[in-house]
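Visitor: Sequence first, then the predicted structure:
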Amino acid sequence: MTARLFELMLKAAGYTVVISVASIGIGLLVGILVCAAKLSPRPWLRWPAGVFVSFFRGVPLLVQLLLIYNLLPAVGIVVPSVVAALVGLSLCTAAYQAENLRGGFASVPRGLLEAADMAGLSPWQQFRRIRAPIALRLTVPALVNEAILILKASSLVSVVGVIELTRTAQNLAASTYEPLLFYSVAGGLYLAINWIVAGGGALAERGLRRGRLA
Amino acid sequence: MNKRFFVQIALGMGLSMTMPLLAQAQDSLARVKAAGVLKVGTETAFAPFDFIDAAGDHAGFNVDAFAEVGKELGVKIQWVELPWDGVLPALEAGQFNMVAGPATITKARMERYRFLSPVAEATVAVLKGAKDATIQKPEDIAGKMVGAGKATAQLAQLKTYSATLPKPVVAREYPAFNEAYADLAAGRIAAVANSLPNIAYVASKQPGTFAVVKPPFGQTSYFGYIGTKKPDDQPLLDAVQAALVKIKADGRMKKMQEKWFGTSFDTPDVAPEPSF
Amino acid sequence: MSFDLAVVVAALPAILAGLQVTLGIWLAALALGIGLGFAVAALRHFGPGPLGLALRLAVEVLRGTPFLIQIFLLYFGGPFVGIRLDPVPAGLLGLSVYAAAYFSEIFRAGFVAVPRGHVEAAQCVGLSRAQIVRRILVPEMTMLVLPQCVNMAVILVKETAILSIIAVPEATAVISALGSQQYAFVESLFLLALIYWLLVEACGWAGRALERRLSKFRFA
């Protein structure tokens, strides 16, 4: 592999990282909203949130991406390749993150909330000081897991025209007739990125554990 | 987390969704000229028309031809690369102005799309392993496993031809012809059915691995670039058609054909009525 | 945009054949993945150190890279090192090994989560190592790991769709071919979404039913 081709692979890996990180971020925000809707006492919020989670966890990402890219224009929304990829990855991870968050909130000990009630904390204060920090700490490992899943899932976004790491490897494997080399290098790059993410996650967890919440 | 970053992303996404709607007022040609960009959908696994070369660059006949079209229209070309079976749905969805490909001009496609001036012959032939002595003429593929690209006219031609053979071939469909070539090299399949310009190029690049079986088995056909039949798209497609005819008339097309195919074709100015 | 049901009805036999391939590969990969995953977890838990380390590395690599890259390496890279598999066996092998990596992690966590006291008690009454695995570890672990196994089974259903990229004639390949051959793009996308959604919901439902049935055997 020439230096130039390796550089192309590195650039493509950068693209993979940018798209994945943006999707995780947007997905977390949407996931928080969906989780709030799912925990809501109002059925007209709970129901759509339930369908959202079920749909985006039930349909393969490949199909979701094509739906967004090829069918949204039929209702007047033309999303370019990168946006389609971002929307697809974000909504998919949002569905999973909403469920992770719900699990986190469900495991906040009731006793703590009762104590907070007694101490006269308002519901907002309870949320900010007790429920959110505890749920966050409980869901950090799940979030790191999700980040790794999305990094790997981003290998599919070439079906909507985004040329990332996997597609670049595929292109170069075909033009150089060296599939073994290019797919191995791509695999190595994914592995390196994921190890960095996992390491970062472990640090964040330790930080949160040592933090003022204990 | 940086709030402004997300606001920007959200704004950007919102804008990019509404922009095409706002721009709908003018016709397609005026819009493309105003933007200065012609968006072309293609598949980069179709050498020598469209591929990624060994240096990692997007290259091929299409890149050269559209550079000339861009010059004629005074616009830049923006490529959107998709797997082939995703290209036509995305064209219909309005993701780009037209499709390079190119695609074989067939009756079914003519009914649904507008073909511009043909750029090369597309008649289908057999590519085999260089050391395979069992295939000497096209009908020798009877009963063997033959690969072709998914959703391609070449695959349809292979199936039609197969029905005329004493023993039908086993057709294996690939997302792209590149994968079919790889499987032929690996010995998983006995042959690949693709248009003559394509397999002639592949065989010339790897003479020790592949060989072309002559004559072609398919019916004579042409390759052309595609647009939709939407009335709104016609002014733009008229302009690209005129540019292609001009490029043919002044000899530029011939030069590009010789560069990429090693030969030139006499192609009609207007897409002819296909035989299949 | 219109939906032509006639196209779908005419293609039903082909679609059913594709579904059969999807289900066949899924079930086979599930069984192989669970078996292999259990073996890997057991070897890492009880086997010699260097072997455990090697297996750990393999599991990390399989979990840290996209399935698409793995299947490309196996299918297109394989022939260069003498492994020449056809699409279906390659897809089955790739998916099983991929699943095994995840299942082994689930089982490993399960081994660790079985209370040490139970194992010690079994040792005290003189059970052999094999007996402890068969009578104590496996049954207790099954209850602990069942929800994650169901989760993984659901993920595997969706991963089978990726095998269409190496020309395995499964549901996604058949249905998307229907789209491109007859220009029935809308129909094929809707159909794909619907079929996988139903499959995944059915799988999740069956898994939860199984959990409920087995929960009466739960240990305190």
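Guide: Perfect, thanks for sending it.

Visitor: Now do the longest helix anywhere in chain C: which elements does it pack against?
Guide: Determined from DSSP state H, the single longest helix within chain C is helix C:12-46. Counting contacts by 3 or more Cβ pairs under 8 Å, 6 or more residues apart in numbering or on different chains; DSSP states H and E, helix C:12-46 packs against helix C:49-64, helix C:87-113, helix C:138-159, helix C:171-182, helix C:185-214. Where you see a C-beta, it was placed from the backbone N, CA and C, and this is true even at glycine.

Visitor: change it to 6 Å
Guide: For helix C:12-46, the helices and strands in contact under the criterion 3 or more Cβ pairs under 6 Å, 6 or more residues apart in numbering or on different chains; DSSP states H and E are helix C:49-64, helix C:87-113, helix C:138-159, helix C:171-182.

Visitor: Show me which residues of the third one are buried.
Guide: This points to helix C:138-159. Neighbour-count burial for helix C:138-159 flags C:138, C:140-141, C:143-146, C:148-159 (criterion: 16 or more other Cβ atoms under 10 Å in any protein chain shown).

Visitor: Tell me what angle the longest helix of chain C forms with helix C:49-64.
Guide: Here helix C:12-46 runs at an angle of 150 degrees relative to helix C:49-64 (axes from the mean of the first three to the mean of the last three Cα atoms, to 10 degrees).

Visitor: So for helix C:12-46, what gets flagged as buried?
Guide: For helix C:12-46, burial by neighbour count (16+ other Cβ under 10 Å) applies to C:15, C:18-19, C:21-22, C:25-26, C:29-30, C:32-34, C:36-42, C:44-45.

Visitor: got the residue ranges for the strands in chain A?
Guide: Taking DSSP state E, chain A contains no strands at all.

Visitor: how many degrees apart are the longest helix of chain C and helix C:87-113 in direction?
Guide: 40 degrees.

Visitor: And helix C:12-46, how far out from the chain middle?
Guide: Taking Cα atoms, centre = their mean, to the nearest Å, the mean C-alpha location of helix C:12-46 is offset from the chain mean by 5 Å.

Visitor: Report the angle between it and helix C:138-159.
Guide: Going by the same axes, to 10 degrees, helix C:12-46 is angled at 140 degrees with respect to helix C:138-159.

Visitor: on that earlier part again, also within reach of chain A: list those from the buried residues of helix C:138-159.
Guide: Among those, the residues within reach of chain A (Cβ under 6 Å from any Cβ of the partner chain) are C:Lys158.

Visitor: mind showing which ranges of the chain have poor pLDDT?
Guide: Just going to use chain A. A:211-214 (pLDDT under 70).

Visitor: try chain C instead
Guide: Where chain C drops to pLDDT under 70, the residues are C:1-2, C:216-220.

Visitor: who in it is up against chain B?
Guide: Near chain B, when you scan chain C using Cβ under 6 Å from any Cβ, you find C:Phe76, C:Pro79, C:Arg84, C:Ile165, C:Ala167, C:Ser180, C:Tyr183, C:Phe185.

Visitor: now, which of those residues lie close to chain A?
Guide: Filtering the residues of chain C next to chain B for proximity to chain A by Cβ under 6 Å from any Cβ leaves C:Phe76.

Visitor: re the thing from before, can you check which of the helices and strands packed on helix C:12-46 gets nearest to B:Trp84?
Guide: Nearest to B:Trp84 among those is helix C:171-182 (8.4 Å), distances taken as Cβ to Cβ.

Visitor: Now do the closest one: which elements does it pack against?
Guide: Counting contacts by 3+ Cβ pairs under 6 Å, 6+ apart, helix C:171-182 is packed against helix C:12-46, helix C:185-214.

Visitor: who touches that helix?
Guide: B:85, B:151, C:7, C:11, C:14-15, C:18-19, C:22, C:161, C:164, C:185, C:188, C:191-192 (Cβ atoms under 6 Å, 6 or more residues apart in numbering or on different chains).

Visitor: what angle do it and helix C:87-113 make?
Guide: 140 degrees.

Visitor: and the nearest residue to B:Gln26 once chain neighbours are set aside, what helix or strand is that in?
Guide: Spatial nearest neighbour of B:Gln26, excluding adjacent residues (Cβ to Cβ, 6 or more residues apart in numbering or on different chains): B:Ala34 at 7.0 Å. B:Ala34 belongs to helix B:28-35 when assigned by DSSP states H and E.

Visitor: burial measure for A:Trp47, as a count.
Guide: 12 (other Cβ atoms under 10 Å in any protein chain shown).

Visitor: For the residue most central in space within chain A, list the residues it contacts.
Guide: Taking Cα atoms, centre = their mean, the centroid of chain A lies closest to A:Ile24, which sits 3.5 Å from it. Taking Cβ under 6 Å, 6+ apart, we find A:Ile24 in contact with A:Ala147, A:Ile150.

Visitor: quick revisit: now the helices and strands packed on helix C:12-46 in a markdown table, with distance to A:Ser90?
Guide: Listed next are the helices and strands packed on helix C:12-46 as a markdown table, based on distance: least, Cβ to Cβ, whole Å:
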| stretch | distance to A:Ser90 |
| --- | --- |
| helix C:49-64 | 22 |
| helix C:87-113 | 24 |
| helix C:138-159 | 18 |
| helix C:171-182 | 23 |
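
Visitor: Looking at these, which is nearest to B:Glu258?
Guide: Minimum separation from B:Glu258 across the helices and strands packed on helix C:12-46 (Cβ to Cβ) falls at helix C:171-182, 32.9 Å.

Visitor: And the strands in the stretch 1-150 of chain B, which stretches?
Guide: Ranges of strands within the stretch 1-150 of chain B are B:37-42, B:45-46, B:50-52, B:58-59, B:76-81, B:98-104, B:114-115, B:120-121, B:124-129, B:145-149, based on DSSP state E, counting those that start in this stretch.

Visitor: can these go into a markdown table with extra columns for mean neighbour count, distance to C:Gly204 and mean pLDDT?
Guide: Putting the strands of the stretch 1-150 of chain B into a markdown table (neighbours: other Cβ atoms under 10 Å in any protein chain shown; distance: least, Cβ to Cβ, whole Å; pLDDT from 0 to 100) gives the following:
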| stretch | mean neighbour count | distance to C:Gly204 | mean pLDDT |
| --- | --- | --- | --- |
| strand B:37-42 | 22 | 37 | 97 |
| strand B:45-46 | 25 | 37 | 94 |
| strand B:50-52 | 24 | 41 | 96 |
| strand B:58-59 | 18 | 43 | 96 |
| strand B:76-81 | 18 | 36 | 97 |
| strand B:98-104 | 25 | 40 | 95 |
| strand B:114-115 | 22 | 47 | 97 |
| strand B:120-121 | 23 | 52 | 94 |
| strand B:124-129 | 25 | 46 | 97 |
| strand B:145-149 | 24 | 36 | 96 |
